[in-house]
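Visitor: Give me the fold of what follows.
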Amino acid sequence: MSEPDLTIRRGERADLPAVAELYLAVRQAAVPHMPPLAHDDDHVRAWVDGWDLRQREVWLAVHGGRLVGFADLGPRWLNSLYVDPAAQRSSVGSALLDVVKSRLDGGFALWVFESNAPARAFYQRHGLVELERTDGWGNEERSPDIKMAWPGADAVGFFRRMIDEVDDQLADLLARRVALTRAVQPHKTSPRRDADRERRIAERMARTAPELGATRIGRIMDVVITESLEAAGH
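Guide: Numbering: from 1, shown residues only. Reported below is the predicted structural model:
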């Protein structure tokens, strides 16, 4: 596929049926790198047809009058980037990603299945970094996935905004823990802290955050528990 013959243009509502068919073809061909779809083909077609193009942008890669790739993006997120299996390992994916970077020049994030090694390698070659992993609880396929990000020109500002979001979530969780600490106190048979329980908490949390490990998490939770008890008046 020669790059001069490749056209990148913004998609319109009339393009969505073709986008849906390409989406289905790519997902089917990507198994087992990607898990099978959680919905049947007609459900996917209806879902794509319902995309609000006032809220999201769809960019198309067209070669010889045929759709060979598309990127679906919203504010700060790349929802999907799919390339026809016959056009993969060409310039199509790179050309689409260049458009995404130009449209989301302040940085963006995306989710990729952990099992999709080819996609992860593609994004890493283009400057994206892997940030966090989940066990798949947030996707319909319930397959482990990875959050990746491209920070744009102001990498420090981009990552600090993401850190601020996490800190806000931590503040909410800490407030909830104080409330629960206060609620449980009248029901305890002993005012003493349970060292075995605290050790088990750290070990359980370390399975979710292996980079920290049980020892570091134990030190963190010691502070959290101490301050929660003090804030709860105990």
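Visitor: Restricting to C-alpha, output stretch 105-120 in CSV.
Guide: What follows is stretch 105-120, C-alpha atoms only, in CSV (Å, rounded to 0.1, in the frame of the first residue of the first chain):
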residue,chain,number,x,y,z
ASP,A,105,-2.3,17.6,21.3
GLY,A,106,-2.7,18.0,25.0
GLY,A,107,-2.3,14.3,25.5
PHE,A,108,-4.7,11.4,25.6
ALA,A,109,-5.2,7.9,27.1
LEU,A,110,-6.6,4.6,25.8
TRP,A,111,-7.3,1.1,27.0
VAL,A,112,-5.8,-1.9,25.3
PHE,A,113,-6.3,-5.6,26.2
GLU,A,114,-3.3,-7.0,28.0
SER,A,115,-3.4,-10.0,25.6
ASN,A,116,-3.1,-7.7,22.6
ALA,A,117,0.7,-7.7,22.3
PRO,A,118,0.8,-6.3,18.7
ALA,A,119,-1.3,-3.3,19.6
ARG,A,120,0.7,-2.6,22.8
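Visitor: Contacts for it next, please.
Guide: By C-beta atoms under 8 Å, 6 or more residues apart in numbering, the residues outside stretch 105-120 that reach it are 30, 32-35, 73, 76-79, 81, 100, 123, 128, 130-131, 133, 138-139, 141, 143-155, 158, 162. Backbone N, C-alpha and C define where each C-beta goes, glycine included.
Visitor: try stretch 87-104
Guide: With C-beta under 8 Å, 6+ apart as the test, stretch 87-104 has contacts from 1, 3, 6, 8, 57, 59, 61, 63, 68-71, 73, 75-76, 78, 81, 83-84, 108, 122-123, 126, 150, 152.
Visitor: Return the set of buried residues in the lengthiest helix in the chain.
Guide: Longest helix in the chain, counting residues (DSSP state H): helix 155-184. Within helix 155-184, the residues that qualify as buried are 158, 162, 177, 178, 181, counting by 16 or more other C-beta atoms under 10 Å.
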